[in-house]
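> quick one: sequence plus predicted model below, questions after.
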Amino acid sequence: MKLNLDLTVDILTNFIKDETEKIGLKNVVLGLSGGIDSALSAALAAKALGGNRVYAYCMPYKLSSDESLKDAMKVAETFRLNFDVIEITPMVDPYFDMIPDIDKLRMGNVMARQRMICLFDMSAKVAGLVLGTSNKTELLLGYGTWYGDLASALNPIGDLYKTQVWELSEYLGIPQSVVDKAPTADLWVGQTDEQELGFTYRQADDLLYAMVDERRRIPELIGMGFEEELVKKVAEKVRRNQFKRNMTVIAKVSQRTIGRDFRYCRDWGY
Amino acid sequence: MKVHLAQMKPILGNLEKNAENHFKIIEQAVEEGCDLVVFPELSLTGYYLLDLVYDVAMDETHPVYQRFLEYSNEIAIVFGFVYESREKLFYNAASFVHRGKTVHLHKKVYLPDYTLFEEGRYFAAGNSIEAFDTEFGKCGILVCEDVFHLSSLYILSQSGVQNIIIPSNSPARGNLEQGHDASNTWQTSNRYIAGVLTVNLVFVNRVGVEDGVSFWGGSEAYDAKGRRLAAADMFKEEGITVEVDHDSVRRARIETPFLRDEKSFIVRNFLNEEGCGK
């Protein structure tokens, strides 16, 4: 799973530059949470386009930790990004006030979608594409909000496992405090991804790499020494979250249906 | 002969703009005194065409094709395009044009239709691998995947080719620590083919990104001893010009006369008697 780091950086920076400029745009926009995934997307974008063409926004809620904001600022300084803070509390709190029994999961989703609204609005303001910050582990496990943090125009890190995100981040000089801290969606105090998932990213990545990249089947994975319970749990998560990785399901009526037999690339004509 | 390896990136589905870019490169190659300019696979159209295949398809009567024929009075050209046959079949094709004529039109035989490829869904497959005579000796064109079938190489070798031209659209992938899988495979294969078939080899791969898939470039040329003559950078839109020596084939076939010693009757016997599932 170890990467050829130089080559990976070449591919990903070239991807950001090519896919942005070919449609006639210069800038990219992204949410900077203070976590490592958005830091890596930002670092790659800065390397591809120059920090002055990257617009990064930290969008805290009142319960987000101060550390997160500090780390986001550190990343923005390191890579000389355009940086702004957009507090989402006054946007989402009125909605939460209307629904007294709203639970943590729903609140998290609302916040993620509010951040998406802000990013896409900024994208119109600065004429930039929204850069995704979901890694391959999250995408496979469905650990993200549909039309929330999963929404983007370009995702440079969606084919990198979390383990590879760590490796590449160190290589690109992302501030150590960002690399070292426990991954968190920062939805409530003390939350960590690994606690919520019930396994560590490194465990998940070794398994997912064997399952997805090497196409090994479940008995084979168990034979390799992966715990049966973990294998089944992860395989089921991957299956159950396929909908988040697809475009909407369209009912076929005509001879030629969008997505089914009306097939074009996003890069059509570019 | 002086060959320009036109490592470029097409605009997906824009025949006219791509043609203009070709003509610019051709004019530069003529100015440099090149004898041959080689473009990548589907250089006039881009790779992930999907339903655009039917919009960009053309035959020899198309005005763009006619302009290639005009330019070919000054220089030999190999370019990639979607060929629409009289039967209304659509092929992934590459033409060798020179002195105002199509010297050879190769229709890709092996259409990859697995993992990130879906050529078999859109294209008809060619059904022959043929060598052809040129002013630079006998040549053969293999488009990308064609190369990975030993029979293609064997047929060209037994047909007496001295030069193998490979237009390609190879995507970067399997980028792990031990190296980049696609480039490792191609470089090993190119070197092996040149040295073992004792032929000059020109490999031209595109660059650019289409819907997240990066094409890695790294176009290169080998002499008939399997020595690399030149290579373009990976991922950069930058052609290179290389001097390919006709006599390298003669020298190689004296020093390593694999072609002379080939016993093709063994293959014939195998296919007639033992092979083909018997």
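Alright, I've got the coordinates.
> what about the helices in chain A?
In chain A, the segments counted as helices under DSSP state H are A:5-21, A:36-49, A:66-78, A:89-98, A:104-126, A:136-141, A:162-171, A:176-180, A:193-197, A:201-208, A:218-223, A:228-240.
> go on, the stretch 101-250 of chain B?
Using DSSP state H, counting those that start in this stretch, the helices assigned to the stretch 101-250 of chain B run over residues B:119-122, B:150-158, B:181-197, B:247-255.
> re earlier: for the helices of chain A, which one ends up most surrounded?
Comparing the helices of chain A by mean neighbour count (mean count of other C-beta atoms under 10 Å in any protein chain shown), helix A:36-49 comes out on top with a mean of 25. Heads up, the C-betas are built off the backbone N, CA and C, glycines and all.
> what about that helix, average pLDDT?
For helix A:36-49, the mean pLDDT works out to 98.
> who are the packing partners of it?
When contacts are defined as 3 or more C-beta pairs under 8 Å, 6 or more residues apart in numbering or on different chains; DSSP states H and E, helix A:36-49 packs onto helix A:5-21, strand A:27-31, strand A:54-58, helix A:66-78, helix A:162-171, helix A:176-180.
> relative to chain B, which of those is closest?
helix A:5-21 (4.2 Å; C-beta to the nearest C-beta).
> tell me, please, where in the stretch 101-250 of chain B the pLDDT is lower than the cut-off.
Applying pLDDT under 70 to the stretch 101-250 of chain B flags the ranges B:175, B:178-179.
> near chain A, which residues of it show up?
B:172, B:175-180, B:208-212, B:214, B:234-235 (C-beta under 8 Å from any C-beta of the partner chain).
> now the most centrally placed residue in chain A: closest residue in space that isn't a chain neighbour?
Chain A has residue A:134 as the residue nearest its centroid, 1.6 Å off, counting by C-alpha atoms, centre = their mean. Nearest non-adjacent residue to residue A:134, counting by C-beta to C-beta, 6 or more residues apart in numbering or on different chains: residue A:144, 5.2 Å away.
> against chain B, how distant is the one you found?
From residue A:144 across to chain B, the span is 18 Å (C-beta to the nearest C-beta, to the nearest Å).
> can you list the helices and strands packed on helix A:36-49 in a markdown table and add mean pLDDT?
Formatted as a markdown table, the helices and strands packed on helix A:36-49 follow (pLDDT from 0 to 100):
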| stretch | mean pLDDT |
| --- | --- |
| helix A:5-21 | 96 |
| strand A:27-31 | 98 |
| strand A:54-58 | 98 |
| helix A:66-78 | 97 |
| helix A:162-171 | 97 |
| helix A:176-180 | 95 |
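> next, format those as a markdown table and append distance to chain B.
As requested, those are exported to a markdown table (distance: least, C-beta to the nearest C-beta, whole Å):
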| stretch | distance to chain B |
| --- | --- |
| helix A:5-21 | 4 |
| strand A:27-31 | 15 |
| strand A:54-58 | 19 |
| helix A:66-78 | 24 |
| helix A:162-171 | 10 |
| helix A:176-180 | 19 |
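> mind checking which of the ones you listed is nearest residue B:100?
Smallest distance to residue B:100 across those (C-beta to C-beta): 36.2 Å, for helix A:5-21.
> which outside residues touch that closest one?
Contacting residues not belonging to helix A:5-21 are listed as A:26-28, A:44-45, A:47-49, A:128-129, A:131, A:154, A:156-157, A:160, A:167-168, A:171-172, A:267, B:9, B:172, B:175, B:180, B:208-209, B:212, B:214, B:234-235 [C-beta atoms under 8 Å, 6 or more residues apart in numbering or on different chains].
> residue A:33 and residue A:58 touch, don't they?
Yes. Checked against C-beta atoms under 8 Å, the pair residue A:33 and residue A:58 is within contact range at 7.0 Å.
> about what we covered before: can you select the buried ones from the residues of the stretch 101-250 of chain B next to chain A in ChimeraX?
Command for ChimeraX, covering only those of those found buried under the criterion 16 or more other C-beta atoms under 10 Å in any protein chain shown:
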select /B:172,175,176,180,208,209,210,212,214,234,235
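> measure the nearest residue to residue A:60 once chain neighbours are set aside to residue A:226 for me?
Excluding the flanking residues, the one nearest residue A:60 by C-beta to C-beta, 6+ apart is residue A:69, at 5.7 Å. Between residue A:69 and residue A:226 the computed distance is 38 Å (C-beta to C-beta, to the nearest Å).
> next: residue A:109.
Noted for residue A:109: a distance of 31 Å to residue A:226, by C-beta to C-beta.
> might one say that residue B:102 is in contact with residue B:69?
Yes. Residue B:102 is within contact range of residue B:69, at 7.3 Å (criterion: C-beta under 8 Å).
> shared neighbours, those two?
Contact criterion C-beta under 8 Å, 6+ apart; residues shared by residue B:102 and residue B:69: residue B:60.
> these two: which is more packed in?
Neighbours per residue, other C-beta atoms under 10 Å in any protein chain shown: of residue B:102 and residue B:69, the larger number sits with residue B:69, 17 against 14.
> which SSE is that one in?
helix B:63-71 (DSSP states H and E).
> so which bits of that helix are buried?
Across helix B:63-71, burial judged by 16+ other C-beta under 10 Å covers B:64, B:65, B:68, B:69, B:71.
> make TSV from those and add pLDDT to it.
Listed next are those as TSV, based on pLDDT from 0 to 100:
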residue	pLDDT
B:64	98
B:65	98
B:68	98
B:69	98
B:71	98
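> how much space separates the residue nearest to residue A:60 from residue A:61?
Using C-beta to C-beta, residue A:69 is found at 11 Å from residue A:61.
> residue B:74 too?
67 Å.
> okay, the two: which has more neighbours?
The residue with more neighbours, out of residue B:74 and residue A:61, is residue A:61; 21 against 14, by other C-beta under 10 Å.
> what sits against that one?
If a contact means C-beta under 8 Å, 6+ apart, then residue A:61 has A:87, A:88, A:89, A:92, A:111 as its contacts.
> closest one to chain B out of those, please.
Nearest to chain B among the contacts of residue A:61 is residue A:111, at 27.9 Å by C-beta to the nearest C-beta.
> per-residue pLDDT, the closest one?
97.
> again, but for the one 3 residues further on
Per-residue pLDDT puts residue A:114 at 98.
> next one: the one 10 residues further on
At residue A:124, the pLDDT value in this model is 98.
> distance of it from chain B?
23 Å.
> before we move on, what about residue A:215?
10 Å.
> need phi/psi at that residue.
Backbone torsions for residue A:215, taken as degrees, to the nearest 10, come to phi 50, psi 40.
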